[in-house]
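# here is a sequence together with a model predicted from it:
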Amino acid sequence: MDILADLNPAQREAVEAIEGPVLILAGPGSGKTRVITHRVAYLVRVVGVNPRRIMAVTFTNKAAREMEARLNRLLSGSVKDLTLGTFHAICARILRRDGQAAGIDPRFVIYDDDDQISVLKKSLQEVGLDPKQYAPRAIQSAISSAKSQMITPADYLLHGRSYFEEVVARVYEQYEKRLAESSALDFDDLLMKTVQLFRQHPDVLQRYQERYLHVQVDEFQDTNLVQYELVKQIAAKYRNVCVVGDPDQSIYSWRSADLRNILNFEKDYPDAKVVLLEQNYRSTGKILEAASHVIAAARHRKPKDLWTENEPGQPPCVIETYTEQEEAQFVVGEIDRLVSGGEVTGGDCAVMYRTNAQSRVLEEAFIRYGMPYKLVAGTRFYERREVKDIIAYLRLVQNPYDAVSLRRVINVPQRGIGQRSLDELGQWASSRGVPEYRALQLIAESRDSADFPFSPRTVKALAGFAAMVGDLAERRREASMLELFDLVVERSGYRQYLAGLVDGEERWENILELRGVAQENRDLPPGEGLTALLEKVALVSDVDELEEKPDTVTLITLHQAKGLEFPVVFIVGMEDGILPHFKSIDDPEQLEEERRLCYVGITRARQRVYLVRAFRRHLMGSSAVNRPSRFLQDIPRHLVASSSVWEGEDSWSTPSSVEERKAAGGVGSAAFKPGDHVLHEQFGEGVVVSYRVVKNDAEVVVAFDGAGVKRLLLSFAKIEKV
């Protein structure tokens, strides 16, 4: 098979550029994944590079799996020794292998978002602060941002300028102590501590530099400072570093992604070869042209001229509804029309929105009309209570000092160890300067219950739990993954516990599903299978769990939709204050990111895109009239098909001046009063509910037979008395 045969000239140039630093600027739908995989295959099959000497980094497990599948086809399965995965997964492997040099227990557990909040709440209390007064989420965000910039607690305290930053510094220090006591790392630690390991132990770094002759990074515009530093560290010896990205799709600054990384790559590597991938294989011509107009208005961007050989297709549809309820009804109705006409399946359609709160009204509409949908970022499988409970037990088997997991399951099923006993255990352990698990061991080793501030019954329960965890931790050394999983479920009493719950059978099915995930590691040696399972669970993302079902519409935020594509895309909430978000309007940099987010959304569509807005929206407790999104104004009118659902007329946006209204059809002069019977060319007959003058126009509320209550502007709505 000729690896270069199916590539266009620009793609081929990118694949063959294997010496020195390379920057590939890849527009949406330009075959980026094809280039990345073919580049690896070219290095192995044509250049003769050993797969063991290649590192390929992606940003999601889903992308890593797709890349692995393609490489298996290109290389006939010989990708076993290739280092392929996300930044976090690769760093976790490095720290398990070499982290002991920096004092990191190789059995460390990875704390997810909920675990971190739990530790932060406890840390706040321990430094004398009230978690109700100082939001743990805000402190978590500040600490995460600090770690992404390699700022330690001591550095944070030294440079803190506000009282809040002083609070963060105090909590940050205590938070780190708690993580260390539990032999736990959070997501940011996986990156930061790997960079620290390499800085503090050049001999360790040298081994990795010598091993990796080629380093390749996907979605480079989404890297933060720590990730960029990591890439530079590993690639420093051979400088064969290839980064692939698109500044126009940089939308994760809130995750500390730094757009400057890709913009400054040429400054850091002045000899870098730059390759532009501008041919789009995904979208129709009119969709691509509309998206190009939106992004062309952005500042400080590297220009690209996207083009396609695809058919022109249908123009994007700009749809105006009156309320968010009508917006949702339009979406459901249009999907039903397309599906009924045999043009698409439900699975071909995605509804995208700026904030999660917008999904509520959409969900209600899908449920009301019985249309199947999949909500990304709903209750994820790994966030279900019973799944998290078993994972907590498994984490304790891996690392008994994991305080968060210990507290989660020490009384699940109930063992007579209530919250008061847990608080007393924590205080007693703290007074002796030992972790809570060590305190449990001391209790189990003692023969006199009078030595402890617990009742004899509680002492027995605590000692029994310690003995169970200790025994399971020992069995980890010899039992296979499935044997260990079944042993944990049996010894913990969890199966019997579920049997007593009303929804116990459903929860048990979720446990069996988790067992199926564990079964994937059944061939690994004892201990390694558990480590692999826990890492997979800890590093999974919402998009990784996205199931492809032919009849199920996907509801997803614009941020989560990056990297995905659908034949039909609806972007709802195309209003100033929604997209762009109201918090971004006064910040030029954030406003630019909102523009890129809109661009990402439009370029997810292959055949059709609908840009939908509501004239009046009730969201997060308030109701407001919003102007059309300023991004709509960047699309020339000749490139779109537009209509207004609530007025029943064709319109581009709600006119705001008398001249615009007159141009749209003139201001009506006839007055209506409640009770008048009227006729509308679209909605039919109805009765006027109210009439009021609004500046140089009039608002008429009419209850139509069959169409419901509509609020119409008289200058647009062609209604007449019957």
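Received, thanks.

# so where do the strands sit in the stretch 1-150 of the chain?
Assigned by DSSP state E, counting those that start in this stretch, the stretch 1-150 of the chain shows strands spanning 22-26, 54-58, 83-86, 109-110.

# nearest to residue 177, out of those strands?
The minimum distance between residue 177 and the strands of the stretch 1-150 of the chain falls on strand 109-110, with 16.2 Å, by Cβ to Cβ. Every C-beta, even on glycine, is put in place using the N, C-alpha and C of the backbone.

# for the closest one, packing partners?
If you count contacts as 3 or more Cβ pairs under 8 Å, 6 or more residues apart in numbering; DSSP states H and E, strand 109-110 packs onto strand 184-185, helix 528-539.

# C-terminal to the strand or helix carrying residue 361, what's the next element?
Residue 361 belongs to helix 359-368 when assigned by DSSP states H and E. Using DSSP H and E, the helix or strand that follows helix 359-368 in sequence is strand 373-375.

# could you point out which element follows that next one?
Heading C-terminal from strand 373-375 (DSSP H and E), you reach helix 385-398.

# which of the residues in stretch 390-405 are buried?
390-405 (16 or more other Cβ atoms under 10 Å).

# quick one: mean pLDDT over that stretch.
The average pLDDT for stretch 390-405 rounds to 94.

# got it, and stretch 362-378?
Mean predicted confidence for stretch 362-378 is 83.

# hmm, who's touching that stretch?
Residues outside stretch 362-378 that contact it (Cβ atoms under 8 Å, 6 or more residues apart in numbering) are 325, 328-329, 331-332, 335-336, 346, 351, 353, 356, 359, 542-543, 546-547, 549, 551-557, 560, 572.

# any quick PyMOL command for the buried ones out of those residues?
Selecting only the buried entries of these in PyMOL, with 16+ other Cβ under 10 Å as the criterion:
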select buried, resi 325+328+329+331+332+335+346+351+353+356+359+542+543+546+552+553+554+555+556+557+560+572
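
# show me where the stretch 251-400 of the chain has strands.
273-277, 317-321, 349-353, 373-375.

# ok, and which of the ones you listed has the densest surroundings?
Stretch with highest mean neighbour count among the strands of the stretch 251-400 of the chain: strand 349-353 (a mean of 26; mean count of other Cβ atoms under 10 Å).

# filter the contacts of stretch 362-378 down to the ones in helices?
Mapping those onto helices (DSSP state H) picks out 325, 328-329, 331-332, 335-336, 359, 560.

# wait, which of the residues you listed is closest to residue 38?
Taking Cβ to Cβ as the measure, residue 38 sits nearest to residue 560 out of the ones in helices among the contacts of stretch 362-378, at 27.4 Å.

# residue closest to the middle of this protein?
residue 560 (4.9 Å; Cα atoms, centre = their mean).

# show me the contacts for residue 213.
Contacts for residue 213 (Cβ under 8 Å, 6+ apart) come out as 49, 53-54, 238, 240.

# re the thing from before, what about the residue nearest to the centre of the chain, distance to residue 244?
21 Å (Cβ to Cβ, to the nearest Å).

# for residue 312, same thing?
29 Å.

# kindly report the same for residue 71.
Taking Cβ to Cβ, one finds residue 71 at 15 Å from residue 244.

# please apply the same query to residue 440.
Noted for residue 440: a distance of 50 Å to residue 244, by Cβ to Cβ.

# got it, and residue 713?
Plainly put, residue 713 is 49 Å away from residue 244 if you go by Cβ to Cβ.

# who has more neighbours out of these two?
Shown here are residue 713 and residue 244; by other Cβ atoms under 10 Å, residue 244 has more neighbours (25 against 22).

# surely the more buried one is within a strand?
Yes - under DSSP: H, G, I helix; E, B strand; the rest coil, residue 244 sits within a strand.

# partner residues bridging it?
residue 24 (DSSP bridges).

# check contacts around it.
Taking Cβ under 8 Å, 6+ apart, we find residue 244 in contact with 24, 26, 32, 35-36, 216-220.

# tally of neighbours for residue 10?
18.

# residues contacting the nearest residue to it once chain neighbours are set aside?
Nearest residue to residue 10 in three dimensions, chain neighbours excluded: residue 277, at 5.4 Å (Cβ to Cβ, 6 or more residues apart in numbering). Counting by Cβ under 8 Å, 6+ apart, residue 277 touches 10-11, 14, 24-27, 30-32, 35.

# by neighbours, which of those residues wins?
Of those, with other Cβ under 10 Å as the count, residue 14 tops at 30 neighbours.

# for this structure, what helix or strand is lowest in average pLDDT?
Within the chain, no helix or strand scores below helix 658-663, which has a mean of 34 by mean pLDDT, DSSP states H and E.

# helix or strand right after it?
strand 677-680.

# ok, residues contacting that following strand?
648, 672, 685-688, 700, 702, 704, 710, 712, 717-722.

# rewinding a little: quick check, pLDDT for the residue nearest to the centre of the chain.
On pLDDT, residue 560 comes in at 90.

# please apply the same query to the one 3 residues further on.
The score at residue 563 is 86. That number is its pLDDT.

# residues near it, how many?
Count around residue 563 with other Cβ under 10 Å applied: 21.

# residue 210 too?
Residue 210: 11 surrounding residues under other Cβ under 10 Å.

# show the backbone phi and psi for the closest residue in space to it that isn't next to it in sequence.
Distances taken as Cβ to Cβ, 6+ apart put residue 237 closest to residue 210, at 6.6 Å, once the chain neighbours are dropped. Main-chain dihedrals, residue 237, degrees, to the nearest 10: phi -70, psi -50.

# got it, and residue 552?
Backbone dihedrals for residue 552, given as degrees, to the nearest 10, come out at phi -110, psi 120.

# tell me the spacing between it and residue 563.
19 Å.

# same deal with residue 429?
Residue 429 is 45 Å from residue 563, by Cβ to Cβ.

# what does residue 65 give?
12 Å.

# can I get the strands of the stretch 1-150 of the chain in CSV including distance to residue 422?
Putting the strands of the stretch 1-150 of the chain into CSV (distance: least, Cβ to Cβ, whole Å) gives the following:
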stretch, distance to residue 422
strand 22-26, 52
strand 54-58, 41
strand 83-86, 35
strand 109-110, 19
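
# out of the ones you listed, which is closest to residue 100?
Checked against Cβ to Cβ, the stretch from the strands of the stretch 1-150 of the chain lying closest is strand 109-110, at 15.8 Å.

# what pairs with the closest one, parallel or antiparallel?
strand 184-185 (parallel).

# can you name the next helix or strand after the partner strand?
Note on strand 184-185: by DSSP H and E, the next helix or strand toward the C-terminus is helix 187-200.

# list the buried residues for the next helix or strand after that next one?
Following helix 187-200 in sequence order, the next helix or strand is helix 202-211 (DSSP H and E). Neighbour counts over helix 202-211 (16+ other Cβ under 10 Å) mark 204-205, 208-209 as buried.

# now do stretch 49-61
Within stretch 49-61, judged by 16+ other Cβ under 10 Å, the buried ones are 49, 51, 53-61.

# list just the nearest of the residues you listed to residue 147.
Using Cβ to Cβ, the buried residues of stretch 49-61 come closest to residue 147 at residue 59, 17.6 Å.

# model confidence for the closest residue in space to that closest one that isn't next to it in sequence, exactly?
Spatial nearest neighbour of residue 59, excluding adjacent residues (Cβ to Cβ, 6+ apart): residue 219 at 4.6 Å. On pLDDT, residue 219 comes in at 90.

# the one 10 residues further on now?
Predicted confidence (pLDDT) for residue 229: 95.

# the inter-axis angle of the one helix or strand it maps to versus helix 187-200?
Here residue 229 sits within helix 225-235, counting by DSSP H and E. Interaxial angle, helix 225-235 versus helix 187-200 (axes from the mean of the first three to the mean of the last three Cα atoms, to 10 degrees): 40 degrees.

# now helix 225-235, how far from the centre of its chain.
Distance of helix 225-235 from its chain centroid, counting by Cα atoms, centre = their mean, to the nearest Å, is 22 Å.

# packing partners of it?
On a contact count with 3+ Cβ pairs under 8 Å, 6+ apart, helix 225-235 meets helix 87-98, helix 136-148, helix 187-200, helix 202-211, strand 214-217, strand 241-245, helix 260-263.
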